[in-house]
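*Asks:* From the sequence below, what's the structure:
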Amino acid sequence: MAASPRTLPPLLDLAGHPLRWGILRELAHGDLRVRELTALLDERQSLVSYHLGRLRSDGLVKTRRSSFDGRDSYYRADLVRWQELFSQAAAALHPALRFDTPPAPRPATTRARVLFLCTGNSGRSQMAEALLRDVAPDRIAAFSAGSRPKPVHPDAIRVMGKRGIDIGAAQSKHLSVFAAERFDHVITLCDRVREVCPDFPGHPDAVHWSVPDPAGEPDGSAAFARVADELTERIGFFLHVLALRPATPERN
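*Replies:* Below is the predicted model:
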């Protein structure tokens with residue numbers, strides 16, 4: 001049976017509530033804990049948790065246990081799923097409004113400076129730096145560092161090599177190396193490094209992506225491949241954020 005013309009598309013039903021929309025707006029920016037959402041939205045934790053539950057049950061928000069404090073969880077908006085629902089909602093109004101991919105980002109006049117951080121600077125942050133530099137070398141200057149650097153993991157090198165990106169010569173660095181540098185965006189990929197991340201000059205946009213440490217997983221390079229897939233997805237959406245925010249002028 002065909003849906004009634006008055007039946008709301010799932011997107012409008014779920015996102016039409018002001019608090020759920022507020023939750024999604026915050027999570028679209030980066031991964032957050034319940035208490036952080038509660039503070040940002042100035043709402044009771046029980047109410048925020050209820051609406052998070054609604055969004056989770058429909059597969060629109062994902063959760064991951066914090067590697068810093070196992071009693072905590074980080075929430076993340078599934079932007080791929082939201083993209084699908086936006087397309088379906090538009091097509092329900094008129095087929096000409098359906099879209100399959102987001103609009104292309106506008107070219108930047110100066111290169112945005114992006115710093116990725118994790119604990120060891122041996123896997124996640126190295127992979128993120130390489131992936132971002134690979135997709136937009138003319139628009140982005142990407143860097144990475146860690147709070148406790150250790151050698152780049154062989155599986156990170158191997159997985160990236162299979163994607164045509166050579167990081168065999170990459171060197172891990174302590175985040176203090178960049179303490180005086182200005183960045184447009186600082187992205188923490190590790191729950192632990194988020195807790196010790198310093199303030200960088202110029203008030204860069206600080207974002208957290210709660211990505212699991214593949215080195216701690218039992219399936220070796222397969223875990224690194226999953227992280228590479230997740231980083232590729234996140235970076236694909238992040239490119240559009242970069243296109244909308246003016247970059248810091250490059251130094252001579």
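*Asks:* Next up, the contacts around the nearest residue to residue 159 once chain neighbours are set aside.
*Replies:* The shortest distance from residue 159 to any non-neighbouring residue, by CB to CB, 6 or more residues apart in numbering, is to residue 224 (4.3 Å). No exception for glycine: its C-beta is placed from N, CA and C like everyone else's. If you count contacts by CB atoms under 8 Å, 6 or more residues apart in numbering, residue 224 has them with 123, 127, 153, 155, 156, 158, 159, 214.
*Asks:* Tell me how many other residues crowd the third one.
*Replies:* Per other CB atoms under 10 Å, the neighbour tally for residue 153 reads 22.
*Asks:* Any of the contacts of residue 224 buried? List them.
*Replies:* Among the contacts of residue 224, those classed as buried by 16 or more other CB atoms under 10 Å are 123, 127, 153, 155, 156, 159, 214.
*Asks:* now these as CSV including secondary structure and pLDDT?
*Replies:* Below are the buried ones among the contacts of residue 224 laid out as CSV (DSSP: H, G, I helix; E, B strand; the rest coil; pLDDT from 0 to 100):
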residue, secondary structure, pLDDT
123, coil, 96
127, helix, 97
153, coil, 96
155, helix, 96
156, helix, 96
159, helix, 96
214, helix, 94
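*Asks:* Which member of those is positioned nearest residue 110?
*Replies:* Closest approach to residue 110 among these (CB to CB): residue 127, at 25.2 Å.
*Asks:* Reformat the contacts of residue 224 as TSV; add distance to residue 23.
*Replies:* Listed next are the contacts of residue 224 as TSV, based on distance: CB to CB, whole Å:
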residue	distance to residue 23
123	30
127	29
153	35
155	35
156	33
158	38
159	33
214	28
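*Asks:* coming back round to it: the residue nearest to residue 159: which element?
*Replies:* helix 221-244 (DSSP states H and E).
*Asks:* check contacts around residue 8.
*Replies:* Counting by CB under 8 Å, 6+ apart, residue 8 has contacts residue 16.
*Asks:* At which residues are the helices of the stretch 101-250 of the chain located?
*Replies:* All helices of the stretch 101-250 of the chain, identified by DSSP state H, counting those that start in this stretch, fall at 124-135, 154-162, 191-196, 221-244.
*Asks:* Just say which of the ones you listed is most tucked in.
*Replies:* The highest mean neighbour count among the helices of the stretch 101-250 of the chain, using mean count of other CB atoms under 10 Å, belongs to helix 124-135: a mean of 24.
*Asks:* Tell me which other helices or strands that one touches.
*Replies:* strand 112-118, strand 140-146, helix 154-162, helix 221-244 (3 or more CB pairs under 8 Å, 6 or more residues apart in numbering; DSSP states H and E).
*Asks:* That one vs helix 221-244, what angle?
*Replies:* Going by axes from the mean of the first three to the mean of the last three CA atoms, to 10 degrees, helix 124-135 is angled at 50 degrees with respect to helix 221-244.
*Asks:* okay, helix 124-135 in PDB with CA atoms only?
*Replies:* The C-alpha coordinates for helix 124-135 follow below in PDB (Å, rounded to 0.1, in the frame of the first residue of the first chain):
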ATOM      1  CA  ARG A 124      44.900   7.000  13.500                       C
ATOM      2  CA  SER A 125      46.400  10.400  13.300                       C
ATOM      3  CA  GLN A 126      49.000   9.400  10.700                       C
ATOM      4  CA  MET A 127      46.300   7.800   8.500                       C
ATOM      5  CA  ALA A 128      44.000  10.800   8.900                       C
ATOM      6  CA  GLU A 129      46.700  13.200   7.900                       C
ATOM      7  CA  ALA A 130      47.600  11.200   4.900                       C
ATOM      8  CA  LEU A 131      44.000  10.700   3.700                       C
ATOM      9  CA  LEU A 132      43.200  14.400   4.000                       C
ATOM     10  CA  ARG A 133      46.300  15.500   2.300                       C
ATOM     11  CA  ASP A 134      45.700  13.000  -0.500                       C
ATOM     12  CA  VAL A 135      42.200  14.200  -1.300                       C
END
